[in-house]
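> Mind folding the following:
(one chain, ligands or ions: 1)
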Amino acid sequence: MSDGRRPLVAGNWKMNKTAAEAREFCTALASLLGPDPPADVVVCPPFTALEAVVVALGSSPIAVYAQAVHGAAGGPHTGEISADMLRATGVVGTLVGHSERRAARETDEQVAQSLRAGLDAGLMVVLCCGESLGTRRGGGTERWVAAQVASALAAVHPGDGDRLVIAYEPIWAIGTGETASPAEAQEACAIVRAVASERVDGAALRVLYGGSVTPANAAALMAQPDVDGVLVGGASLEPGSFARIVAAAG
Ligand code: 13P
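From the prediction side, this is the model:
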C-alpha cells in the first residue's frame with residue numbers, strides 16, 4: 001500500500017448466500033467493522049441478494065458491488081443484467097472479467113464492453129485479470145496480464161481513472177489454498193499498474209491481489225507497495241474472517 005491510496009478490501013461471494021443468509025451476514029459484518037473501518041470495504045453478493053444487501057447495509061460504510069454486468073444497455077440478453085439495472089438497485093460498483101466467467105465464455109471484447117457499460121452508468125468497476133498455472137510456468141505471466149489489462153483498458157478514458165480498480169487474481173491461486181507469495185503479488189501488481197498507466201493515472205489507481213487470501217496472509221500481501229487491497233472469495237463468506245482481513249489493512 002502507498003500513503004496516497006486508501007486500501008480496498010472486497011468480498012466476492014460468488015454463487016453463495018440466499019437473500020436471507022446475506023441479510024444475516026450484513027448485520028454481523030456491520031457490527032464487527034463499526035462506522036470507521038481502516039479500508040474501503042465492498043461486498044459482491046449474487047444478483048438475487050443485491051437488493052436485500054443494499055437495504056441491510058443501509059448507512060453503514062460497506063459498499064455493494066455486483067459480480068458482473070452485461071455490456072449492452074438492454075435488449076435480447078436472456079439472464080443478463082445491465083449497468084442501469086444495478087444502479088437502480090442501489091449498487092455502486094461491479095466486478096468485470098472474473099476468471100471464472102472468462103473460463104465459462106467471456107471474451108476480452110465482452111469484458112471491455114462490460115467495463116465501458118459500468119463506467120458509463122457511473123459505477124465503480126473492478127477489472128479482474130490473471131494467468132493460469134501453465135502460463136506462469138512457461139514464463140508468460142507478464143505478457144498475459146499486460147495483454148488482458150491493455151485490451152480492457154482500450155475502452156477507458158483518462159477521466160475514468162478514479163472509478164477504476166484492477167484486481168490481479170492468478171487463476172492457480174483462486175480457491176486452491178495456494179496464495180501467491182507477497183513478492184509474486186507485488187511483481188504482478190506493479191506490472192498491472194505500469195500497463196494501466198498508459199491509460200489512467202497509475203499513481204492513483206488501486207490494484208488489488210486476489211487468490212486464497214485469508215486473515216493469516218492478508219497483512220503481508222497488503223504491505224507490498226503496489227498491493228492496495230485484496231479481493232477475497234472463500235474467506236469473505238464468514239463475517240469474522242472477512243472482518244479480520246479488513247483489520248489487516250489498518
Ligand atoms: P478465493 O479467495 O476463494 O481463492 O477466491 C478468490 C477470488 O476469485 C475472488 O474474486
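
> Does the most centrally placed residue in the chain lie in a helix or a strand, and which?
Note on the chain: the residue nearest the mean C-alpha position is V126, at 4.6 Å, using C-alpha atoms, centre = their mean. Using DSSP states H and E, the element containing V126 is strand 124-129.

> Could you name the helices and strands sitting against that strand?
Applying 3 or more C-beta pairs under 8 Å, 6 or more residues apart in numbering; DSSP states H and E, we find strand 124-129 packed against strand 62-66, strand 93-96, helix 108-120, helix 141-153, strand 164-168. Where C-beta positions appear, they are placed from N, C-alpha and C, glycine not excepted.

> Can I get the ones you listed in a markdown table including distance to R193 and mean pLDDT?
What follows is the helices and strands packed on strand 124-129, written out as a markdown table (distance: least, C-beta to C-beta, whole Å; pLDDT from 0 to 100):
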| stretch | distance to R193 | mean pLDDT |
| --- | --- | --- |
| strand 62-66 | 21 | 98 |
| strand 93-96 | 18 | 98 |
| helix 108-120 | 17 | 96 |
| helix 141-153 | 9 | 96 |
| strand 164-168 | 8 | 98 |
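
> nearest to G74, of those?
helix 108-120 (10.6 Å; C-beta to C-beta).

> ok, now how distant is the residue nearest to the centre of the chain from L32?
Distance, V126 to L32, using C-beta to C-beta, to the nearest Å: 23 Å.

> next one: G140
Plainly put, G140 is 41 Å away from L32 if you go by C-beta to C-beta.

> related to what we said a few turns ago, columns mean neighbour count and distance to the ligand on top of the helices and strands packed on strand 124-129, output as CSV?
As requested, the helices and strands packed on strand 124-129 are exported to CSV (neighbours: other C-beta atoms under 10 Å; distance: least, C-beta to the nearest ligand atom, whole Å):
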stretch, mean neighbour count, distance to the ligand
strand 62-66, 22, 11
strand 93-96, 26, 7
helix 108-120, 21, 14
helix 141-153, 19, 15
strand 164-168, 26, 7
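
> can you redo those as a markdown table with distance to A49?
Shown next, in a markdown table, are these (distance: least, C-beta to C-beta, whole Å):
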| stretch | distance to A49 |
| --- | --- |
| strand 62-66 | 10 |
| strand 93-96 | 14 |
| helix 108-120 | 19 |
| helix 141-153 | 27 |
| strand 164-168 | 21 |
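
> So which of these is nearest S2?
S2 lies closest, by C-beta to C-beta, to one member of the helices and strands packed on strand 124-129: strand 164-168, at 14.5 Å.

> okay, the next helix or strand after that closest one in CSV with CA atoms only?
Sequence order places helix 182-196 as the next helix or strand after strand 164-168, per DSSP H and E. Extracted in CSV, the C-alpha atoms of helix 182-196 (Å, rounded to 0.1, in the frame of the first residue of the first chain):
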residue,chain,number,x,y,z
PRO,A,182,3.9,-11.3,-1.3
ALA,A,183,6.8,-10.9,-3.7
GLU,A,184,4.9,-12.6,-6.6
ALA,A,185,1.8,-10.4,-5.9
GLN,A,186,3.9,-7.3,-5.8
GLU,A,187,5.6,-8.1,-9.1
ALA,A,188,2.4,-8.7,-10.9
CYS,A,189,0.5,-5.8,-9.4
ALA,A,190,3.4,-3.5,-10.4
ILE,A,191,3.1,-4.8,-14.0
VAL,A,192,-0.6,-4.1,-13.9
ARG,A,193,0.0,-0.5,-12.6
ALA,A,194,2.6,0.1,-15.3
VAL,A,195,0.4,-1.1,-18.1
ALA,A,196,-2.6,0.8,-16.8
